[in-house]
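Trainee: got a predicted structure plus its sequence, pasted below:
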Amino acid sequence: MTAATATNRLSAALTPRGAVLQSLALLGLIVGGALVGLGIQGNWPKVLRVLLAALAYGIILWQSVRRATAPAAAPYWNFVLAGAVAGAVSGLVRPTTTVLLVVVQTVGAAFLLASVHWLGVRAWQRQAERMMN
């Protein structure tokens with residue numbers, strides 16, 4: 001890889017779209033590992049639940065930032081929205097569920113998952129920016 005290619009890749013990471021795409025790829029690898037572990041255990045209902053929630057999170061988040069091109073952080077609300085949808089999906093596809101459980105999962109994913117992911121993307125963007133300068 002040439003220095004110009006490395007610089008172009010880092011420049012792409014500075015955009016919200018690039019940083020979110022890279023973080024979603026990493027998140028996909030982590031979730032994929034978890035799905036393999038659950039599959040080996042034969043826990044197919046949980047495989048389905050985690051898979052659907054992860055897909056919902058990724059699709060909602062990607063769609064909400066796909067038009068962003070400025071080298072600024074992706075808005076926090078994009079992550080909150082994606083987390084809320086993922087939490088709701090996870091709660092609704094459980095074999096047995098209650099309204100309270102769905103609400104708790106929705107709120108928990110909206111703020112816990114979203115906050116951790118958003119802070120990670122921001123940290124990656126700042127680190128990539130430092131590497132560029």
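Mentor: Here it is on my side, so go on. Residues are numbered from 1 along each chain as shown.

Trainee: contacting residues around residue 85?
Mentor: Each residue near residue 85 by Cβ atoms under 8 Å, 6 or more residues apart in numbering is listed here: 56, 57, 60. C-beta: built from backbone N, CA, C; applies to glycine.

Trainee: for the helix or strand hosting it, which positions count as buried?
Mentor: Assigned by DSSP states H and E, residue 85 belongs to helix 76-92. Applying a neighbour-count criterion of 16 or more other Cβ atoms under 10 Å, one finds 78-91 buried in helix 76-92.

Trainee: what does stretch 34-45 give?
Mentor: Buried residues in stretch 34-45, counted by 16+ other Cβ under 10 Å: 35, 38.

Trainee: ok now that stretch, how far from the chain's centre?
Mentor: 20 Å (Cα atoms, centre = their mean, to the nearest Å).

Trainee: state the mean pLDDT of it.
Mentor: In this model, stretch 34-45 carries a mean pLDDT of 96.

Trainee: send me it as CSV with only the CA atoms.
Mentor: Once non-C-alpha atoms are left out, stretch 34-45 reads as follows in CSV (Å, rounded to 0.1, in the frame of the first residue of the first chain):
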residue,chain,number,x,y,z
ALA,A,34,-21.2,-14.4,19.1
LEU,A,35,-23.6,-15.9,16.6
VAL,A,36,-21.2,-18.8,15.9
GLY,A,37,-20.9,-19.4,19.7
LEU,A,38,-24.6,-19.4,20.1
GLY,A,39,-25.0,-21.7,17.1
ILE,A,40,-22.5,-24.2,18.5
GLN,A,41,-24.5,-24.2,21.7
GLY,A,42,-27.7,-24.8,19.7
ASN,A,43,-29.4,-21.7,21.0
TRP,A,44,-31.2,-21.0,17.8
PRO,A,45,-33.9,-18.7,19.2
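
Trainee: now the helices for this protein?
Mentor: For the chain, the helices defined by DSSP state H cover 3-14, 16-41, 44-65, 76-92, 99-108, 114-132.

Trainee: need the winner for burial among those.
Mentor: Per residue and on average, the most neighbours among the helices of the chain fall to helix 76-92, with a mean of 21 (mean count of other Cβ atoms under 10 Å).
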